[in-house]
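> Got a sequence here, can you model it:
(2 chains)
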Amino acid sequence: MNGIDTGDTAWMLAATALVLLMTPALGLFYSGLVRGKNTLNTFMMCVGAIAVAALTWALVGYSLAFDEGNGFVGGLDHALLRDVTFEPRDESSTIPHLLFMAFQATFCIITVALVAGAVVERMRFGAFLLFAGLWSVGVYAVLAHWAFGGGWLIANGTLDFAGGVPVEMGSGFSALAAALVVGARKDYHRQALLPHNAVYVLVGAGLLWFGWFGFNGGSGFSTGNAGVLAFVNTLLCPAATLVVWFALDLIRGRQATAIGAATAIIVGCVLITPAGGFVSPGWAIALGALGTLPSYAVIMWRPRTRIDETLDVLAAHGTAGLTGILFTGFVAQTSWNGVADGLLYGDAGTLGWQALAAVATPAYAFAATWVLLKLVGAVMPLRATDHEQALGMDVVQHGEEAYASGEGAIIIEPPDVRAGDRGVLVADPA
Amino acid sequence: MKLVIGIVRPEKANDVLECLYRAEVRGISISRVQGHGGELDRVETYRGTTVKMALADKVRFEIAVTEPFVGPTIEALCEGGRTGEVGDGKIFVVPLEQVVRIRTGETDETAVTPVRA
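Numbers count the residues shown, from 1 in each chain, chains lettered A, B, ... in the order given. This next block holds a predicted model:
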């Protein structure tokens, strides 16, 4: 077929599947960080993000992000995937347009799921699903247009390899707004709210890192140099973050913590996301090391505030995404990326546009999320009641428990097929 | 000497601990138990199976105290454990025949009087 490269297409098919895996991985990561009675609800928010965002993306999100439109938002020519076919989307692309759409869809999905981290353990499931649908279109698609789809940032030369703008800053600063609108959990600052399974957190972080090779490595849309560079940087940058995080943990508390390590993996992957295919492997290591500091500081600071941004999406994604975007403006190197230089290599203009992205994105994400949640809140309650929070979101929202023992469970449906008098033995104890 | 047994909601366990601490009651054991106290049953569904959960998770406090502490202990359990809904739990007070501190071999009132580590 015209312009299609089979090698590129094969890699992008695999990369798309890798990125989709990140969302269940995030579910595992998040559910380990909450209390046991909210395990399923937390995971279900991520599953719900897949359900909702995949459809809104096909319906209208993809078009608003990647159709030409204007500088702010794309048009509606690709709504319902019109003209999204097996042909490449433009001359520079070597993969089917349909596959490009699916790859971008997985980005929208994971970003919606990321925002859930701010509101777990108290936001009602139905309200979250409605918010997820609105947010995927009103915030994600718009920011993706700015950074990827021909909008005002990419048109002016902002460098964002794999989503520092729409994914990382988009989710992080939306999370801050969501935490403020939905409000704190009833027990916040009244009880210690501890992660209930650190192994889930580590396994989730590991699977996220694995998926991130598709996320960053696929953002070159080919098997060419940019993708390879991003892939390798995705190995090196988080490793550097891990080492520095260990060191900070050791200085602060004399122990390197497991949950800290899981957090460091995420922060490292986020840091390299905007920079991936633009900076040398050496600078990727430097970014991983230096970029740890702002996120670590925000993670130390946030729990001292009244803002129950529960799973620190702002620190891990917003702050690290912002750091990565700015760092790219300093150390991007034409000799590695063939596109643009940063300040250190002679082009101060790049840094200017990086800085503008780092101001405009948080502002839009925060404001738009605030408005959307107020709208949802006007239609239905956003929060579970204190009593429901005490019982746990799993039982209240889903009628299930993550760790059901089965003791004391009396079968209602199906009726006991062994029948006979046994039914009497399990009569209502009340 | 009395053994005060308090069975409370798991989500109120922290509040109870706080109240006990303020009442200067030290020396506490807790265990996770399941029970039924007349509260509404939860209905849960797993694929095609719907079940009624007749047992609810509870936390059981066991506190051995000297006579002057019996009242404050009961008050702390009530204050920390009460929500006003059915299912807040029960307190049982039973006489204690003998108490031995394993470390020293001290017995009875000396043994239930807490010491600082």
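
> So which elements touch the host helix or strand of residue A:355?
Using DSSP states H and E, residue A:355 sits in helix A:348-379. Applying 3 or more Cβ pairs under 8 Å, 6 or more residues apart in numbering or on different chains; DSSP states H and E, one finds that helix A:348-379 contacts helix A:125-135, helix A:142-147, helix A:152-155, helix A:170-182, helix A:320-331. In short, each C-beta sits where N, CA and C put it, glycine included.

> Can you name every helix or strand that the lengthiest strand in chain B contacts?
Assignment by DSSP state E gives strand B:56-65 as the longest strand of chain B. Under the contact criterion of 3+ Cβ pairs under 8 Å, 6+ apart, strand B:56-65 touches strand B:2-8, helix B:13-22, strand B:29-35, helix B:67-81.

> contacts for it?
The contact list for strand B:56-65 (Cβ atoms under 8 Å, 6 or more residues apart in numbering or on different chains) reads B:1-10, B:12-13, B:16, B:20, B:25, B:27-37, B:39, B:42, B:73, B:77, B:87, B:89, B:96, B:99, B:112.

> One more pass at 7 Å, please.
Strand B:56-65 is contacted by residues B:1-10, B:13, B:16, B:25, B:27-36, B:39, B:73, B:77, B:87, B:89, B:96, B:99, B:112 when judged by Cβ atoms under 7 Å, 6 or more residues apart in numbering or on different chains.

> which residue lies farthest from the center of chain B?
Within chain B, residue B:48 marks the point farthest from the mean C-alpha position, 37.0 Å out by Cα atoms, centre = their mean.

> Give me the distance between it and residue B:42.
Distance from residue B:48 to residue B:42, counting by Cβ to Cβ, to the nearest Å: 18 Å.

> Can you pull up the residues of chain B that come close to chain A?
B:11, B:14, B:34, B:36, B:38, B:42-46, B:48-55 (Cβ under 7 Å from any Cβ of the partner chain).

> mind redoing it with 10 Å?
B:9-15, B:18, B:34-46, B:48-57, B:83, B:85 (Cβ under 10 Å from any Cβ of the partner chain).

> confidence score at residue 8?
Since you didn't name a chain, this refers to chain A. Residue A:8 is assigned 97 on the pLDDT scale.

> actually it's chain B I care about, not the one you picked
96.

> what residues are up against the closest residue to chain A within chain B?
Of all residues in chain B, residue B:55 sits closest to chain A, at 2.8 Å by Cβ to the nearest Cβ. Going by Cβ atoms under 10 Å, 6 or more residues apart in numbering or on different chains, residue B:55 touches A:405, A:407, A:408, A:409, A:410, A:429, B:33, B:34, B:35, B:36, B:41, B:42.

> quick one on the thing from earlier: whichever of the contacts of strand B:56-65 end up buried, select them in PyMOL.
Typed into PyMOL, the line below selects the buried ones among the contacts of strand B:56-65, using 16 or more other Cβ atoms under 10 Å in any protein chain shown:
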select buried, chain B and resi 1+2+3+4+5+6+7+8+9+10+13+16+25+27+28+30+35+73+77+89+99+112
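
> Could you find the residue nearest the spatial middle of chain B?
residue B:61 (2.2 Å).

> Leaving out sequence neighbours, find the closest residue to the residue of chain B closest to chain A.
Leaving out its chain neighbours, the residue that sits closest to residue B:55 by Cβ to Cβ, 6 or more residues apart in numbering or on different chains is residue A:408, at 2.8 Å.

> Could you do residue A:30 as well?
residue A:42 (4.9 Å).

> so the one you found is in which element?
Counting by DSSP H and E, residue A:42 is part of helix A:39-56.

> do you know which of the helices and strands packed on helix A:348-379 lies nearest chain B?
helix A:125-135 (15.1 Å).

> Would you mark the buried spots in that closest one?
A:125, A:127, A:128, A:129, A:130, A:131, A:132, A:133, A:134, A:135.

> what's the answer for stretch A:108-116, then?
A:108, A:109, A:110, A:111, A:112, A:113, A:114, A:115, A:116.

> tell me the average confidence for it?
Stretch A:108-116 comes out at a mean pLDDT of 98.

> Name the nearest residue to residue A:323, ignoring sequence neighbours.
residue A:291 (4.5 Å).

> which residues touch the one you found?
A:237, A:240-241, A:244, A:267-268, A:270-272, A:275, A:319-324, A:326-327.

> would JSON lines of the contacts of residue B:55 with distance to residue A:149 and pLDDT be doable?
As requested, the contacts of residue B:55 are exported to JSON lines (distance: Cβ to Cβ, whole Å; pLDDT from 0 to 100):
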{"residue": "A:405", "distance to residue A:149": "50", "pLDDT": "80"}
{"residue": "A:407", "distance to residue A:149": "54", "pLDDT": "81"}
{"residue": "A:408", "distance to residue A:149": "54", "pLDDT": "81"}
{"residue": "A:409", "distance to residue A:149": "51", "pLDDT": "86"}
{"residue": "A:410", "distance to residue A:149": "55", "pLDDT": "87"}
{"residue": "A:429", "distance to residue A:149": "61", "pLDDT": "46"}
{"residue": "B:33", "distance to residue A:149": "57", "pLDDT": "94"}
{"residue": "B:34", "distance to residue A:149": "55", "pLDDT": "91"}
{"residue": "B:35", "distance to residue A:149": "58", "pLDDT": "90"}
{"residue": "B:36", "distance to residue A:149": "58", "pLDDT": "87"}
{"residue": "B:41", "distance to residue A:149": "52", "pLDDT": "79"}
{"residue": "B:42", "distance to residue A:149": "47", "pLDDT": "84"}
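
> Farthest pair within those residues?
A:410 and B:33 (18.7 Å; Cβ to Cβ).

> Pipe the helices and strands packed on helix A:348-379 into TSV and attach mean pLDDT and distance to residue A:361 per row.
Converted to TSV, the helices and strands packed on helix A:348-379 look like this (pLDDT from 0 to 100; distance: least, Cβ to Cβ, whole Å):
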stretch	mean pLDDT	distance to residue A:361
helix A:125-135	98	15
helix A:142-147	98	6
helix A:152-155	96	8
helix A:170-182	98	6
helix A:320-331	98	8
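
> Distance of residue A:104 relative to residue A:140?
10 Å.

> What of residue A:280?
Distance from residue A:280 to residue A:140, by Cβ to Cβ: 30 Å.

> Same question for residue A:80.
Taking Cβ to Cβ, one finds residue A:80 at 18 Å from residue A:140.

> between those two, who's got more neighbours?
residue A:140 (31 against 11; other Cβ atoms under 10 Å in any protein chain shown).

> is it true that the more buried one touches residue A:60?
No - counting by Cβ atoms under 10 Å, residue A:140 does not reach residue A:60; the two are 11.6 Å apart.

> Mind giving me the PyMOL command for buried ones among the residues of chain B next to chain A?
In PyMOL, a selection of the buried entries from these looks like this (16+ other Cβ under 10 Å):
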select buried, chain B and resi 9+10+11+12+13+15+35+41+42+44+50+51+52+53+54+55+56+57+83
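
> on that earlier part again, centre of the chain versus the helix holding residue A:42, how much separation?
12 Å (Cα atoms, centre = their mean, to the nearest Å).

> Grab the nearest non-local neighbour of residue A:288.
In space, residue A:288 is closest to residue A:240, 3.1 Å off (Cβ to Cβ, 6+ apart).

> Kindly report the same for residue B:16.
residue B:80 (3.4 Å).

> now do residue B:101
That would be residue B:111: by Cβ to Cβ, 6+ apart, it lies 4.0 Å from residue B:101.

> and the one you found, that one's in a helix?
Yes - assessed by DSSP: H, G, I helix; E, B strand; the rest coil, residue B:111 belongs to a helix.

> Who are the contact partners of it?
B:1, B:27, B:64, B:98, B:99, B:100, B:101, B:102, B:103, B:104, B:105.

> For chain B, which residues score under the pLDDT cut-off?
B:116-117 (pLDDT under 70).
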